[in-house]
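Predicted model and sequence below, questions to follow.
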Amino acid sequence: MTTFPDLNPPPRLLMGPGPVGVDPRVLRAMSMPMLGQFDPAFTAYMNETMEMLRLIYRTKNQWSFLIDGTARAGVETMLVSMIAPGDKVLVPIFGRFGHLLTEIASRCGAEVVSIEREWGTVFTPDEIEDAIRKHSPRIVAVVHGDTSTTMAQPLAEIGALCRSRDILLYSDATATLGGMAIETDAWQVDAMSSGLQKCLSGPPGSSPITFNDRVAAVVTGRKHLEAGIKPPGFVDGNGPRIASNYFDLAMLMDYWGPSRLNHHTEATSMLYAARESVRIALEEGDARFARHVRASEALCAGLQAMGLALFGDQAHKMPNVTGVTIPKGVDADGVRTMMLEDFGIEIGTSFGPLHGKIWRIGTMGYVCRKENVLICLAALDACLRRFGYKAPPGAGVDATLAAYDRG
Ligand SMILES: Cc1ncc(COP(=O)(O)O)c(C=O)c1O
């Protein structure tokens, strides 16, 4: 009989753009025993999770819950449920994940119009307003933090522009939730989604979402229940049926809401993980955002002292991921491989127009700590030296320590 070895993943320090190291408290939560999905103890955990998601998304939205699946499951749920075939959707693209929104929106049958910005920059409110005037969309879908470019698009002005014209605004906060303050209500964002595996320091596989009553009204107008669970007398909505069963927000609302109508089997261990990840982030409060900013400033100081150029418009850089330009003549993949094999540290490559031009270094969630920033810089210094780029000896680590000393 063939036997297979025990799982024994090598120890790694994950300093890429996600996934990152999982907080041990989350791993412990995931090992808790199964409960039936309608056990009152379990439904109480579901309700607590909803309450915590309202706090982390800074919203009063009743509808704040989890989609089982990685971050794009949340994106797909929101888009397939909000967009009816033929709806006009405006997608401002400033990185890879704007293209993802475009692709998913077009699969949902939207008439997609997009505007594009050079990677490493974000849109001005005027640019968005011009596009809205020109195209009169029903929905605007925009990424909040595009991990591919490290940029965060300010949302408050876009929220005001959309609300004043009765346009629905959806934003993908996968890279930012738990690492930057997200003000869903104050920014007037109608719907948001995220993932666990970045600043929330959970495993990939659960997507926290939130949406307001404006979105709920659209979605319930499209409610068509599965025949096998339809209560007597239920009348389907007039709108077109949502094209996905698994991501059907109308049915998911009934599952997470007081009627507790059966849908999928909730991913028990992932709910435990999400609940604990968010609970930890809420316990830390605003200090968590300050910790990310501090790490970003210290890392950037170190990289610059090594003579390396930072990528993109620094005024809009996310604090949880930093793009650094690969020095000319250096074998980019060789350096990453050496970082991994000799130091056990993962840093990120990049996509599309940035491939081979920048590395992305993540300082996210549990991993975002002074000792990790220092270890990563020291290792990068050593690897670069091997590949022919000689930074002033010790300069990176010294500058990082000095930045941390400044507080
Ligand atoms: C901004 C953003 N959106 C969506 C995704 C897709 O997430 P997932 O790979 O968890 O499905 C990612 C993943 O890196 C991301 O960074």
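Happy to help now that I have it. Numbers count the residues shown, from 1 in each chain.

Can you pull the phi/psi pair for Ala141?
phi -120, psi 120 (degrees, to the nearest 10).

Run through the residues that contact it.
79, 89-91, 101, 105, 169-172 (CB atoms under 8 Å, 6 or more residues apart in numbering). In this view, the C-beta of every residue, glycine as well, is placed from N, C-alpha and C.

Just the residues you listed: which are in helices?
Using DSSP state H, the members of the contacts of Ala141 that fall in helices are 79, 101, 105.

The first one: what's its closest spatial neighbour, skipping adjacent residues?
The shortest distance from Leu79 to any residue other than its chain neighbours is 5.0 Å, reached at Ile104 (CB to CB, 6 or more residues apart in numbering).

neighbours around that neighbour, how many?
21 (other CB atoms under 10 Å).

That one against Glu76, yeah?
Yes: using CB atoms under 8 Å, Ile104 is in contact with Glu76, at 5.7 Å.

The host helix or strand of Ala290 packs against which elements?
Assessed by DSSP states H and E, Ala290 sits inside helix 286-305. Packed against helix 286-305 by the contact rule (3 or more CB pairs under 8 Å, 6 or more residues apart in numbering; DSSP states H and E) you find strand 321-325, helix 370-386, helix 395-406.

how about TSV for those, with mean pLDDT, distance to Thr70 and mean neighbour count added?
Shown next, in TSV, are the helices and strands packed on helix 286-305 (pLDDT from 0 to 100; distance: least, CB to CB, whole Å; neighbours: other CB atoms under 10 Å):
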stretch	mean pLDDT	distance to Thr70	mean neighbour count
strand 321-325	98	18	25
helix 370-386	98	24	19
helix 395-406	97	32	17
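
Serialize these to JSON lines and add fields for distance to Ala243.
JSON lines is the format used below for the helices and strands packed on helix 286-305 (distance: least, CB to CB, whole Å):
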{"stretch": "strand 321-325", "distance to Ala243": "33"}
{"stretch": "helix 370-386", "distance to Ala243": "43"}
{"stretch": "helix 395-406", "distance to Ala243": "49"}
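
if I pick the residue in the stretch 301-407 of the chain that the ligand sits nearest to, what's in contact with it?
Nearest residue of the stretch 301-407 of the chain to the ligand: Val321, at 9.0 Å (CB to the nearest ligand atom). Residues near Val321 by CB under 8 Å, 6+ apart: 17, 145, 147, 150, 175, 348, 360-364.

Specify the beta-bridge partners of Met192.
Ser171, Thr210 (DSSP bridges).

His224 contacts Asn238, doesn't it?
No: counting by CB under 8 Å, His224 does not reach Asn238; the two are 10.2 Å apart.

Which positions in this protein make contact with the ligand?
18, 70-72, 75, 97, 143, 146-147, 172, 174-175, 195, 204 (CB under 6 Å from any ligand atom).

ok, back up a step: show me which of the contacts of Val321 are buried.
17, 145, 147, 150, 175, 348, 360-364 (16 or more other CB atoms under 10 Å).

If Val140 is in a bridge, with which residues?
Beta-bridge partners of Val140, as defined by DSSP bridges: Leu90, Leu169.

So it versus the ligand, what's the distance?
16 Å (CB to the nearest ligand atom, to the nearest Å).

Equivalent analysis for Ala152, please.
Taken as CB to the nearest ligand atom, the span from Ala152 to the ligand is 10 Å.

got a list of what that residue touches?
So Ala152 contacts 122, 144-146, 175-176, 180, 316-318 (CB under 8 Å, 6+ apart).

same thing with Asp236?
Counted by CB under 8 Å, 6+ apart, Asp236 has contacts 223-225.

One more: Gly239?
84, 218, 221-222.

wouldn't Thr353 be in contact with Arg117 here?
Quick fix: residue 353 reads Pro, not Thr. No: the pair Pro353 / Arg117 is not scored as a contact, 12.0 Å apart, by CB under 8 Å.

Between these two, point out the one with more neighbours.
Arg117 (19 against 14).

Tell me the spatial nearest neighbour of that one, not counting adjacent residues.
Nearest one to Arg117, counting by CB to CB, 6+ apart, is Phe94 at 4.3 Å.

what about that neighbour, distance to Asp172?
Between Phe94 and Asp172 the computed distance is 12 Å (CB to CB, to the nearest Å).

of those two, who's got more company?
Asp172 (29 against 25).

check contacts around Ala391.
Here Ala391 is in contact with 305-308, 381, 384-385 (CB under 8 Å, 6+ apart).

And Phe343, by the same measure?
Per CB under 8 Å, 6+ apart, neighbours of Phe343: 13, 375, 379, 382-383.

which pair in the contacts of Gly239 spans the largest distance?
Farthest apart among these by CB to CB are Ala84 and Gly221. That separation is 9.2 Å.

So which of those two has more stuff around it?
For Ala84 versus Gly221, neighbours defined as other CB under 10 Å are more numerous around Ala84 (20 against 13).

Chain neighbours aside, what residue packs nearest to the more buried one?
The nearest residue in space to Ala84 (CB to CB, 6+ apart) is Pro240, at 5.2 Å.

and the end-to-end length of stretch 218-231?
21 Å (CA to CA, to the nearest Å).

Please apply the same query to stretch 257-264.
14 Å.

chain center to that stretch, what's the gap?
26 Å (CA atoms, centre = their mean, to the nearest Å).

What average pLDDT does stretch 235-242 get?
Across stretch 235-242, pLDDT averages out at 94.

buried residues in it?
237, 242.

from here on, count from 864
Understood, numbering begins at 864; the last thing we discussed is stretch 1098-1105.

From the chain's centroid, how far away is it?
30 Å.

go on, stretch 947-967?
16 Å.

Buried ones in it, by neighbour count?
947, 950-965, 967.

Endpoints of it, how far apart?
13 Å.
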